[in-house]
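J.: I need the structure of the sequence given here:
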Amino acid sequence: MLKKIAYITLFALTFSSCSDTLDDINKNPNATETPLAPYLLTGTLKQGADLYWGDVNNFNSSLLFVQHWAKIQYTEPDRYDVSNASFTTLWDKGYSTLITDLNTIINFPDAQANSNYKGIALTLRSWTFLLLTDAYGSIPYKEAGLKVTPAYNTQKEVYTGLLEDLKQAQSLLATANGTVTGDLAYKGDVLKWKKLVNSLRLRIALKIADKEPVLAKQAAIEATTDPAGVISNNSEIFRFVYTSSPQQNPASAWFETRDDFRISKTMVDKLYEFSDPRLAVFAQLPSDASVGKYVGGANGLSNSDANSQGFAKTSKPGTYFLTSASPAVFVSYSETLFNLAEATARGYIAGDAEQLYKNAITASLNQFGITDATVISNYLNQPTVQYDATNYAKSIGTQKWIAFFGQGLDAFAEWRRLDYPVLTAGPATVLDGQIPSRFFYPGTEQSLNGNSYQAAISVQGKDLLTTKLWFDAK
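T.: Residues are numbered from 1 along each chain as shown. The predicted model follows:
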């Protein structure tokens with residue numbers, strides 16, 4: 001018996017020794033014991049840019065839905081012939097990467113991350129949640145990152161919760177609260193982050209305006225009267241600037257090896273109608289020089305009909321969007337001015353809606369390199385472009401749709417909210433003439449978080465592309 005005990009003791013000691021040795025071997029001597037806030041911030045900005053501007057959520061889905069781009073081959077996404085496996089990236093990376101890493105920063109002790117890091121992280125987390133709810137509707141919000149099977153919150157709950165989160169972010173941000181490194185968007189300029197916070201608050205105020213006008217007005221007033229202000233020039237645009245391969249703009253990387261997208265005929269036709277100088281920025285001339293003009297690809301065609309338009313006879317998106325260093329714009333000065341114009345038109349804040357509308361268009365033209373005062377004046381004075389106070393949604397919605405070119409997720413959200421311009425589904429689309437109103441939930445939600453998923457769709461409506469979301473009131 002004693003012999004058996006001795007063997008067991010020896011085995012235990014040997015196993016423990018081996019285990020300790022293996023633990024030592026498996027340690028990376030060059031790795032930090034804990035993640036550092038600057039590295040997490042850099043990573044979330046880069047991964048957020050890739051998520052926002054990449055193929056799955058942008059040019060292979062939302063840019064097609066709003067008819068900024070069109071497919072000239074492999075047209076299934078342009079015909080809405082997709083499944084619940086088609087929209088997993090925004091959900092998976094939004095939660096498992098962005099929100100997880102941002103929560104890590106938020107939960108750091110003060111010695112590891114000052115309050116400016118935490119305010120920036122809370123701002124970026126709010127932006128991520130905003131993208132998720134705009135695309136899917138009800139989402140895990142309050143329990144996200146806290147439970148393996150988190151409950152979903154309604155879109156109203158998410159929007160109102162984000163308004164409070166952004167108030168908290170604003171309170172955390174101050175120039176006296178420490179320096180920030182690893183910030184590839186604003187280079188540690190806390191005052192610019194504070195302006196972004198208020199610009200996002202204004203955006204959310206308008207998201208809820210058709211359903212909760214009293215709260216929307218209050219939120220718009222608070223956002224625009226906060227001493228920090230809102231984004232006030234193009235140098236304050238919230239964006240990520242890429243460099244060169246492999247840290248290049250996702251659209252640039254795609255077009256190096258693929259040729260299946262064109263600028264949409266809908267966009268080209270509208271820009272021609274308005275004699276819009278952005279056309280030469282948004283599109284390339286067809287490679288067949290005999291065509292001699294910009295030609296968009298039609299949306300929602302069969303593969304054969306799309307191919308027959310001619311690869312050499314149709315226009316690719318402009319090189320402005322396809323170079324390695326093309327910026328990923330998230331929140332522009334132009335958008336903020338359009339939002340101020342709408343808030344004024346709704347009577348939420350004081351101001352001149354028409355002048356703000358003109359300033360918004362001017363900011364967009366400037367953003368894309370068009371600065372000639374005569375060109376801008378001539379454009380603004382066209383009857384087709386002039387502000388219509390009797391239908392602010394049409395004026396603002398149409399011009400905002402143009403200004404958002406390339407920003408598929410936000411263009412898709414604002415087109416659904418404002419209902420302009422009027423778009424028509426292509427002839428080979430599969431939704432009985434309808435254009436999608438949302439993304440499918442990932443199929444994994446049904447299998448891994450089934451009870452929460454079922455509870456969400458019982459309130460929101462069936463998990464269909466055509467189910468309208470709470471904010472899409474009209």
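J.: for the protein, what spans make up the strands?
T.: Along the chain, the segments classed as strands by DSSP state E run 69-71, 139-140, 152-153, 238-241, 261-263, 327-331.
J.: in the fourth one, what counts as buried?
T.: Buried positions in strand 238-241, judged by neighbour count with 16 or more other C-beta atoms under 10 Å: 238-240. (C-beta placed from N, C-alpha, C; glycine too.)
J.: Would you map the helices across the stretch 51-200 of the chain?
T.: 62-65, 88-93, 100-107, 115-136, 155-172, 190-207 (DSSP state H, counting those that start in this stretch).
J.: Then the stretch 351-474 of the chain?
T.: 353-367, 373-380, 392-403, 408-418, 443-448, 450-460.
J.: follow-up on the earlier one: nearest to Ala49 among the buried residues of strand 238-241?
T.: Phe240 (3.7 Å; C-beta to C-beta).
J.: who's the closest one bridged to?
T.: Ala328 (DSSP bridges).
J.: related to what we said a few turns ago, out of the helices of the stretch 51-200 of the chain, deepest packed?
T.: helix 62-65 (a mean of 28; mean count of other C-beta atoms under 10 Å).
J.: where along the stretch 201-350 of the chain do the helices fall?
T.: With DSSP H, counting those that start in this stretch as the criterion, the stretch 201-350 of the chain has helices at 213-225, 250-257, 265-273, 279-282, 303-307, 333-345.
J.: In CSV, list the C-alpha atoms belonging to the fifth one.
T.: To tie it back to what came earlier, the one meant is helix 303-307. Below are the C-alpha coordinates for helix 303-307, written out as CSV (Å, rounded to 0.1, in the frame of the first residue of the first chain):
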residue,chain,number,x,y,z
ASN,A,303,-25.2,37.8,-64.4
SER,A,304,-25.6,37.6,-68.2
ASP,A,305,-27.4,41.0,-68.4
ALA,A,306,-24.8,42.6,-66.1
ASN,A,307,-21.9,41.2,-68.2
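J.: Need the contact partners of that helix.
T.: Here helix 303-307 makes contact (C-beta atoms under 8 Å, 6 or more residues apart in numbering) with 70-75, 78, 297-298, 427-428.
J.: ok, back up a step: got a markdown table for the helices of the stretch 351-474 of the chain, with distance to Asp165, mean pLDDT and mean neighbour count too?
T.: A markdown table is the format used below for the helices of the stretch 351-474 of the chain (distance: least, C-beta to C-beta, whole Å; pLDDT from 0 to 100; neighbours: other C-beta atoms under 10 Å):
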| stretch | distance to Asp165 | mean pLDDT | mean neighbour count |
| --- | --- | --- | --- |
| helix 353-367 | 26 | 98 | 21 |
| helix 373-380 | 37 | 98 | 13 |
| helix 392-403 | 25 | 98 | 22 |
| helix 408-418 | 19 | 98 | 24 |
| helix 443-448 | 23 | 95 | 15 |
| helix 450-460 | 21 | 98 | 15 |
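J.: Kindly reformat these as JSON lines and extend each row with distance to Leu184.
T.: Formatted as JSON lines, the helices of the stretch 351-474 of the chain follow (distance: least, C-beta to C-beta, whole Å):
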{"stretch": "helix 353-367", "distance to Leu184": "19"}
{"stretch": "helix 373-380", "distance to Leu184": "31"}
{"stretch": "helix 392-403", "distance to Leu184": "24"}
{"stretch": "helix 408-418", "distance to Leu184": "20"}
{"stretch": "helix 443-448", "distance to Leu184": "31"}
{"stretch": "helix 450-460", "distance to Leu184": "35"}
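J.: Can you say which of these is nearest to Tyr272?
T.: helix 392-403 (12.2 Å).
J.: the inter-axis angle of the closest one versus helix 265-273?
T.: Direction vectors for helix 392-403 and helix 265-273, defined by axes from the mean of the first three to the mean of the last three C-alpha atoms, to 10 degrees, enclose an angle of 110 degrees.
J.: ok and helix 392-403 relative to helix 333-345, angle-wise?
T.: Going by the same axes, to 10 degrees, helix 392-403 makes 180 degrees with helix 333-345.
J.: Quick one: list the elements packing against helix 392-403.
T.: Contact analysis of helix 392-403 by 3 or more C-beta pairs under 8 Å, 6 or more residues apart in numbering; DSSP states H and E lists helix 265-273, helix 333-345, helix 353-367, helix 408-418 as its packing neighbours.
J.: before we move on, the earlier item: list just the nearest of the buried residues of strand 238-241 to Thr466.
T.: The closest of the buried residues of strand 238-241, once distances to Thr466 are taken by C-beta to C-beta, is Phe238, at 31.6 Å.
J.: Report the spatially closest residue to that closest one, excluding sequence-adjacent ones.
T.: Val331 (4.1 Å; C-beta to C-beta, 6 or more residues apart in numbering).
J.: how far away is the one you found from Leu200?
T.: Distance of Val331 to Leu200, given as C-beta to C-beta, to the nearest Å: 7 Å.
J.: ok so, going back, how about the helices of the stretch 351-474 of the chain, which one is nearest Phe255?
T.: Of the helices of the stretch 351-474 of the chain, the one closest to Phe255 (C-beta to C-beta) turns out to be helix 408-418, at 16.0 Å.
J.: show me the contacts for the nearest residue to Gln446 once chain neighbours are set aside.
T.: Spatial nearest neighbour of Gln446, excluding adjacent residues (C-beta to C-beta, 6+ apart): Tyr453 at 5.5 Å. Residues counted as contacts of Tyr453 (C-beta under 8 Å, 6+ apart) are 152, 441, 445-446, 463.
J.: To Pro286, which of the helices of the stretch 351-474 of the chain lies closest?
T.: helix 392-403 (21.3 Å).
J.: Show me how far the closest one is from its chain's centre.
T.: Relative to its chain's centre, helix 392-403 lies at 18 Å (C-alpha atoms, centre = their mean, to the nearest Å).
J.: likewise stretch 462-473?
T.: 18 Å.
J.: how near is Arg417 to Gly137?
T.: For Arg417, the distance to Gly137 equals 13 Å [C-beta to C-beta].
J.: Export the contacts of helix 303-307 as JSON lines, with columns for neighbour count.
T.: Formatted as JSON lines, these follow (neighbours: other C-beta atoms under 10 Å):
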{"residue": "Ala70", "neighbour count": "28"}
{"residue": "Lys71", "neighbour count": "25"}
{"residue": "Ile72", "neighbour count": "23"}
{"residue": "Gln73", "neighbour count": "14"}
{"residue": "Tyr74", "neighbour count": "13"}
{"residue": "Thr75", "neighbour count": "25"}
{"residue": "Asp78", "neighbour count": "32"}
{"residue": "Gly297", "neighbour count": "26"}
{"residue": "Ala298", "neighbour count": "21"}
{"residue": "Pro427", "neighbour count": "13"}
{"residue": "Ala428", "neighbour count": "19"}
